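> Coordinates only, no sequence provided:
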């Protein structure tokens, strides 16, 4: 297979993900409404209580709306990551997964294409949210929109990878809805998306450690640094501090490949319920 | 010498401790039509899953046009078009989008996909439905789309697993004719799994599978003479003990 064939394959998978996303208008609208509700209703209440303050790790005065934006970007990415996995479970039940599995291209490559396509769909939603958020006084400088790209992409890959692991473990679509509740909400609430970690530590030491171990916290942490960079000068100290975040975010990717110690790749695992009995 | 389209050698497969295929071996030459018969639970679908690498054999080897499936899956699968028993079309995409997705998975460029799509949709009289969502098509049309899709990347081997299930008599006969024409005109090898005896002709090369074993192989005519059976249905009952 030539490099062009690999590119065509990626573009085909991306096109399908985009088509499915565009056709499900309610999915797009809810991906915007969800974070906007948090921004407009929840953040406005907190702003009234807290006023404008320095909220570490930010090193300048910010409103709570600004603080919460990386967390809200995180929740868009988290929901989309889980939605992509849901579509894998759906594909498996509907049989379309077989079409993917009988491709002559390597399954590891197909897996990467799936992950990257899901991440790019997330990116599209994040930028749509950031544009709408301008109407609510979240107006980062132009360079901020560029900074957000690599952080979101990394976070989306991590959460997409986690979603894929989940989809390989879940055998039925109905079960997935339950897992969404047990995974998505705990991941969001037990993170630094709504409150900084140091605040959590003041409230409860155990919850603080759980939040610190949550990969979603690290994704949000990277987003916060990015937001901070975009508003201030470039600070290497901050960048270096966030290298562990990046490593933490990337770590599930190889884990996906080695999931459950199987000799083949995740897509093979995803195909398990396809095993016929005839 | 031309390599066999399928060369299955000593293949076994188990679901847990239950054996689904027991050390089976057979070849299918390029450009030949072979009907795979057997009662429910004979192992037909398992064999298909092994031939398409959805499953890995517990032992033995499978070669497609000389390419070992486990060592060179890319080279081997490039030659294969598959129609599964269960529909694998994306209902929310149009016919053209489904075909384009399949083409991309086989590494075809957008231009090639368009050219091939035109040919295949015309062949199956589906050009006017190209922009319709699959959800809007009836069962017969959906099956035709699946076969058109399986042929999009110009495979040399077509695997059809109960491709006519759920279709009315007219659609079944029409599909049957199409596949046989393809076999002759395009020199495509076809492995056709069915349990509908009327889809076979007396000259067809037939492979009978029962409880994971190949119990007979030959042209339907030869098998009927050999086993002194009045028809294929009777032969199948005689050999497998199937009730109907």
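Yes, it's here. Since this is a predicted model, take the numbers as computed values, not measurements.

> Can you spell out the domain ranges of chain B, please?
With automatic domain parsing as the criterion, the domains of chain B are listed as B:20-25+B:34-40+B:161-244, B:91-155.

> what secondary structure does the residue in chain A that chain B sits nearest to sit in?
Residue nearest to chain B within chain A: residue A:12 (2.0 Å; CB to the nearest CB). (C-beta placed from N, C-alpha, C; glycine too.) Three-state assignment for residue A:12 (DSSP: H, G, I helix; E, B strand; the rest coil): helix.

> what does residue A:100 give?
helix.

> So what does the closest residue to it other than its chain neighbours have for phi and psi?
Distance criterion CB to CB, 6 or more residues apart in numbering or on different chains; nearest residue to residue A:100, sequence neighbours excluded, is residue A:110 at 5.9 Å. When read as degrees, to the nearest 10, the backbone of residue A:110 gives phi -60, psi -40.

> does residue A:110 really touch residue A:10, like I thought?
No: at 9.3 Å, residue A:110 does not count as touching residue A:10 under the criterion of CB atoms under 8 Å.

> Out of the domains of chain B, which is closest to chain A?
domain B:91-155 (2.0 Å).

> so does that closest one get close to chain A?
Yes: residues of domain B:91-155 contacting chain A under CB under 8 Å from any CB of the partner chain: B:91-93, B:97, B:100-110.

> and that domain, what's its mean pLDDT?
Domain B:91-155 carries an average pLDDT of 91.

> what about that domain, start to end distance?
24 Å (CA to CA, to the nearest Å).

> Tell me the buried residues in the longest helix along chain B?
In chain B, taking DSSP state H as the definition, the longest helix is helix B:169-185. For helix B:169-185, the neighbour count (16 or more other CB atoms under 10 Å in any protein chain shown) marks B:171, B:172, B:174, B:175, B:176, B:178, B:179, B:182, B:183 as buried.

> Make TSV out of those and add distance to residue B:141 and pLDDT.
Compiled in TSV, these are given as follows (distance: CB to CB, whole Å; pLDDT from 0 to 100):
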residue	distance to residue B:141	pLDDT
B:171	9	77
B:172	14	81
B:174	11	81
B:175	11	81
B:176	16	84
B:178	13	83
B:179	16	85
B:182	18	83
B:183	22	85
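
> Tabulate the residues you listed in TSV, adding columns for distance to residue B:150.
Shown next, in TSV, are these (distance: CB to CB, whole Å):
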residue	distance to residue B:150
B:171	17
B:172	17
B:174	16
B:175	12
B:176	15
B:178	12
B:179	10
B:182	10
B:183	13
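
> residues near residue 146, how many?
You didn't say which chain, so I picked chain A. By other CB atoms under 10 Å in any protein chain shown, 11 other residues sit near residue A:146.

> nope, chain B
For residue B:146, the neighbour count with other CB under 10 Å is 24.

> from memory residue B:76 sits against residue B:63, does it?
Yes: if you go by CB under 8 Å, residue B:76 and residue B:63 touch, sitting 7.4 Å apart.

> the more surrounded of those two?
Taking neighbours as other CB under 10 Å, residue B:76 and residue B:63 compare with residue B:76 leading, 23 against 20.

> For the strand or helix carrying the more buried one, enumerate the helices and strands it packs against.
Residue B:76 belongs to helix B:73-77 when assigned by DSSP states H and E. When contacts are defined as 3 or more CB pairs under 8 Å, 6 or more residues apart in numbering or on different chains; DSSP states H and E, helix B:73-77 packs onto strand B:59-64, strand B:67-68.

> partners of the shortest one, with directions?
Strand B:67-68 has the following sheet partners, assigned by DSSP bridges: strand B:59-64 (antiparallel).

> In chain B, what residue spans correspond to helices?
With DSSP H, the ranges of helices along chain B come out as B:44-51, B:73-77, B:95-105, B:110-123, B:139-151, B:169-185, B:220-227, B:232-240.

> Export those as CSV, with columns for distance to residue A:30.
As requested, the helices of chain B are exported to CSV (distance: least, CB to CB, whole Å):
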stretch, distance to residue A:30
helix B:44-51, 37
helix B:73-77, 38
helix B:95-105, 24
helix B:110-123, 32
helix B:139-151, 31
helix B:169-185, 40
helix B:220-227, 58
helix B:232-240, 54
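
> most packed of those helices?
A comparison of those by mean neighbour count, using mean count of other CB atoms under 10 Å in any protein chain shown, puts helix B:44-51 on top with a mean of 25.

> tell me the mean pLDDT for that one?
Mean pLDDT, computed over helix B:44-51, is 90.

> Then stretch A:205-213?
Per-residue scores along stretch A:205-213 average to 83.

> Please apply the same query to stretch A:82-96.
Across stretch A:82-96, the average pLDDT comes to 80.

> Whether it contacts chain B - can you check?
Yes: residues of stretch A:82-96 are located near chain B by CB under 8 Å from any CB, namely A:94, A:95, A:96.

> By neighbour count, which of these wins?
The most crowded member of the residues of stretch A:82-96 next to chain B, judged by other CB under 10 Å, is residue A:96 (22 neighbours).

> so what's that residue up against?
Counting by CB atoms under 8 Å, 6 or more residues apart in numbering or on different chains, residue A:96 touches B:88, B:89, B:90.

> just to revisit the earlier point, what does the helix holding residue B:76 rub up against?
Residues from elsewhere that reach helix B:73-77 (CB under 8 Å, 6+ apart): A:1, A:102-106, B:52-53, B:63-65, B:67-69.

> Kind regards, and thank you for your time.
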